[in-house]
Structures are given as C-alpha cells and as structure tokens.
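Colleague: give me a 3D structure for the following:
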Amino acid sequence: MAIGDIDAALVTETAAQLGSGTLGLPLDVTDRSSFAGFLGEVETRMGPLDALINNAGIMTVGPFVAETDATAERMIDINLNGVIIGSKLALQLFLPRGRGHLVNVASVAGKGGFPGGATYCATKHGVVGLSEAIRAEVRQTDIDVSIVMPVVVNTELGSGLNSTRGIKVVEPEDVANAIVGALQTGKVNVFVPGNMEAVFRGD
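Modeller: Numbering: from 1, shown residues only. Below you'll find the predicted structure:
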C-alpha cells in the first residue's frame, strides 16, 4: 500500500506507523505532474496499480456570501479538480489492462446540501456526478468505480462540526472499513454509516 500527502514529513511518519511495507510519498493532488510522479513511483516500487483511493479534501464552513473567492477556489481545486486529475491518471493505467478499481471519497454532502457549506457541497456533488459518469464509460470493462459517502468524520476536517447538535459523526476507521468493503465487493454507492443509504436511496 502507498499513501500520499502534501506534507512529506507527515506522510513518511504515517507510513512508518502503519507498517506492513506502507510507502509514504509526497503528493499535491492539484498538480498533475505531482500526481503522475506519485503514481509512477508507486508502480516502480510496488508493481501495477490495482486501486486508487481519492481521499484528499478540505472544508471551510460559514455563510456563502461571506466566503472569499480564494477559499472557494481552493476547495474546488482540492476536492474536485484533484479527484478529476487522479481519476484520469488512474484510468490511463487501468484501461490498457482492462482492470482496476477507482474509489472516490465524496460525502453525504454530495447527495444533499447543508447551510454553511454551499461550496463544499458543490464540490462533493461534483465528485458524485464525475464518478457516476466514469462508471458509465467503463461499464464494459472490469474496472470498478465506487463512491464513498460518509457523514461527518471525526478528523481535523470535520472538527468544526463535531459538536453540532444532530450531526452524525463516524470514526476514520469506519470509513476505512467501508473502503475495504467496496474494494472487496465492487459496491458502487457506499454510505458511512450504512443506514444513510436508505435516506439517500443509494444503490
């Protein structure tokens, strides 16, 4: 397994903590050359890419009209453009082989909007639509596409919402287990927790 992060020191430390030969490499998902270099290094050191999990994301909350253009552009660049770049690069490796698994981590915010998170919701709706379109394009191959849609996750990204009354919170391990399940089963719409599937009528 290989993981990438824009913080080179942190990703190296995290890889060491995970053990089991985990490879930690620097990665800026908004930079195509960085992403291509990351995947190239992974294939050189670990063999052909079997699956890519696009998981990078940021969330800034607050009134939509008070949000700066720079804040919106940064969320779009990481949350959506990063997934677009990663998905294209992975498919360029998967398609000649006729196999592979693309996992794009969106959010339940990709199925509905919530006040204070308009641009974030827009990026996650984009990830859902992107993934559904890619899946339709590769339907005749053995390439799987999964969309993972958690509620608020107990991480730094979701820390501002953790104490909000009525907001469901899940642990990172719950999301990780859901991703593993998607890789094993090929399930398309993966809600975390699973009971959210009934709310959003997932597949």
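Colleague: please make it C-alpha for all contacts and neighbour counts, starting now.
Modeller: Noted.
Colleague: may I have the lowest-mean-pLDDT helix or strand in the chain exported as CSV, CA atoms only?
Modeller: For the chain, using mean pLDDT, DSSP states H and E, the weakest element among its helices and strands is helix 196-200, scoring a mean of 77. C-alpha atoms of helix 196-200 as CSV (Å, rounded to 0.1, in the frame of the first residue of the first chain):
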residue,chain,number,x,y,z
MET,A,196,-27.7,6.5,5.4
GLU,A,197,-28.3,4.6,2.2
ALA,A,198,-32.0,4.4,2.9
VAL,A,199,-32.1,8.2,3.4
PHE,A,200,-30.4,9.0,0.1
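Colleague: now the longest helix belonging to the chain: mean pLDDT?
Modeller: For the chain, the longest helix by residue count, based on DSSP state H, is helix 118-137. What helix 118-137 shows for mean pLDDT is 98.
Colleague: and for stretch 66-82?
Modeller: Stretch 66-82 comes out at a mean pLDDT of 98.
Colleague: first-to-last residue distance for that stretch?
Modeller: Start-to-end span of stretch 66-82 (Cα to Cα, to the nearest Å) is 25 Å.
Colleague: same thing with stretch 75-88?
Modeller: One end of stretch 75-88 to the other measures 19 Å (Cα to Cα).
Colleague: what residues does that stretch touch?
Modeller: For stretch 75-88, contacts defined as Cα atoms under 8 Å, 6 or more residues apart in numbering pick out 29-32, 35, 52, 54, 56-60, 102, 104, 119-120, 123-124, 126-127, 130.
Colleague: can you say which of those residues are buried?
Modeller: The neighbour count (16 or more other Cα atoms under 10 Å) marks 29-32, 35, 52, 54, 56-57, 59-60, 102, 104, 119-120, 123-124, 126-127, 130 as buried among those.
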